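Enquirer: following is a predicted model, sequence given first.
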Amino acid sequence: MLRAFPPRVLLLLFISMALFPVAAAAQPGSLPPIQAVYGFDREFPPFSYEIDGKPAGFEVELLNAALEGRNVQLKMVPMDWQRVQLDLSGGSIQITSGMARTPQRELLFDFSQLPTAPLKVRLYTRNENRVGNVIQLRGKAVSVQEGSLYERILQDFGGLNIKGYKSEHEALRALANGQVDAFGGADKTAAYYVQKLGLANVTPVGTPLEVTRIYYAISKETPELKKRLDQGLWELMENGGYVDLFRKWFVRDLTQEQIDRMVQSASSSLVNAYAPYSQDPQGAAVLGASGTIYTGVNVENRQPALTGSALRVAIYNAIANGETVLRGVVMMDAKGNIITPAGDDLQVLYEFGQEVLIVTRPAPDRMRIASILEMMPYPYGSTPPPLPLDE
């Protein structure tokens, strides 16, 4: 039987609710609407470009995912890169992508807390003119996109005869056609065009000129847009959405034949392991972008800090042979077990790209191919800062 509250109790409840109202949790859909123009570089694949007149690319999809449900109405406008920077400064667009942070740019724009991706600025040559070191290109003609970060980096490097082109696409074609001796640009964009245009005779030269990160740049006049973007990017990092998008755009799956070759190579290398202290010989295999497999074994030392793991030895073997783009790795012990790499091995591997896949065996009857971002989402030097507390 239900009992009615006495009138005095009802009066006290009414007064309490009036004095201390319960605050409703703010939902993304209840946020006031924001209208913003996203101006993007139409010739910066695979980050941003157009397919059949429609915006496409990793950063385009990442932006849509980060702002989904946050009541931001985006108008996407493709532009050339120089106009993007001018329009963001002038206020006719509110956000762009693919921008590296510099002290000068930070005076003009706000930037997302989290980078969208790492970027390596490299020099490329035709295979017949390949050099062992970038220093050997001093005095040579080098093509680059006008007004880009890469142009500034090449100027700072010094001694190069820099030839500016409207786009990276045109600059890379100039190299392929023999108009210049080398090309300077972003590694992932160059790799995209090399594959798309069938430029099999173009390869990177040794050490990158600079390793940096790119971000979303936001007008300082729209702090609420930046806040919602930062919250969305953080959530994608936490729920795995970022890893899924990165793998979709940048990671090529390993074939079963490639996995089998790596496993066989790692197993065969075990005989050369030097493990007198642990009595635990280990072998590793690394697959380079060229298709070549490089092996390594653990090399122990009485001083443990000087011991080289099998995976690190294999990585160094690849680098010593000029293979700086790695695709897959596997580690094995003497019992034929596939071993999951340790944290320090993953940190070394991460240096050579977030695109690397790692063969693991979480159960005897199950093999899993994990991306390095899944196994080490926050490596040294890239842990994101905390979000500011909501006011």
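Expert: Done, it's in.
Enquirer: show me what Val72 is bridged to.
Expert: Residues found in beta-bridge contact with Val72 (criterion: DSSP bridges) are Ile34.
Enquirer: was I right about it contacting Arg228?
Expert: Yes - at 6.1 Å, Val72 counts as touching Arg228 under the criterion of C-beta atoms under 8 Å. To be clear about C-beta, it is placed using only N, CA and C from the backbone, and glycine gets the same treatment.
Enquirer: shared neighbours of the two, which are they?
Expert: With contacts defined as C-beta atoms under 8 Å, 6 or more residues apart in numbering, the residues shared by Val72 and Arg228 are Ile34.
Enquirer: who's more crowded, these two?
Expert: Val72 (25 against 21; other C-beta atoms under 10 Å).
Enquirer: for the stretch 101-250 of the chain, which spans come out with low pLDDT?
Expert: Counting by pLDDT under 70, the stretch 101-250 of the chain contains no low-confidence residues.
Enquirer: ranges for the strands of it?
Expert: For the stretch 101-250 of the chain, the strands defined by DSSP state E, counting those that start in this stretch occupy 109-111, 117-126, 141-145, 161-165, 182-186, 202-204, 210-219.
Enquirer: ranking those strands by burial, who's on top?
Expert: Mean neighbour counts were taken over the strands of the stretch 101-250 of the chain using mean count of other C-beta atoms under 10 Å, and the top value, a mean of 28, falls to strand 182-186.
Enquirer: which strands border it, and is each parallel or antiparallel?
Expert: Partners of strand 182-186 in its sheet, by DSSP bridges: strand 117-126 (antiparallel), strand 141-145 (parallel).
Enquirer: returning to what we had before: would you format the strands of the stretch 101-250 of the chain as TSV with distance to Arg42 included?
Expert: Formatted as TSV, the strands of the stretch 101-250 of the chain follow (distance: least, C-beta to C-beta, whole Å):
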stretch	distance to Arg42
strand 109-111	20
strand 117-126	18
strand 141-145	12
strand 161-165	15
strand 182-186	15
strand 202-204	22
strand 210-219	16
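Enquirer: circling back to that earlier point, would JSON lines of the strands paired with strand 182-186 with distance to Glu68 be doable?
Expert: Formatted as JSON lines, the strands paired with strand 182-186 follow (distance: least, C-beta to C-beta, whole Å):
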{"stretch": "strand 117-126", "distance to Glu68": "19"}
{"stretch": "strand 141-145", "distance to Glu68": "31"}
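Enquirer: now do the spatially closest residue to Asp187 that is not a sequence neighbour against Ile93, distance only.
Expert: Distance criterion C-beta to C-beta, 6 or more residues apart in numbering; nearest residue to Asp187, sequence neighbours excluded, is Lys120 at 4.3 Å. Relative to Ile93, Lys120 is positioned 27 Å away (C-beta to C-beta, to the nearest Å).
Enquirer: what's the closest of the strands paired with strand 182-186 to Pro364?
Expert: Proximity of the strands paired with strand 182-186 to Pro364 was assessed by C-beta to C-beta; the nearest stretch is strand 117-126, lying at 35.4 Å.
Enquirer: relative orientation of the closest one and strand 210-219 in degrees?
Expert: Using axes from the mean of the first three to the mean of the last three C-alpha atoms, to 10 degrees, the direction of strand 117-126 lies 130 degrees away from that of strand 210-219.
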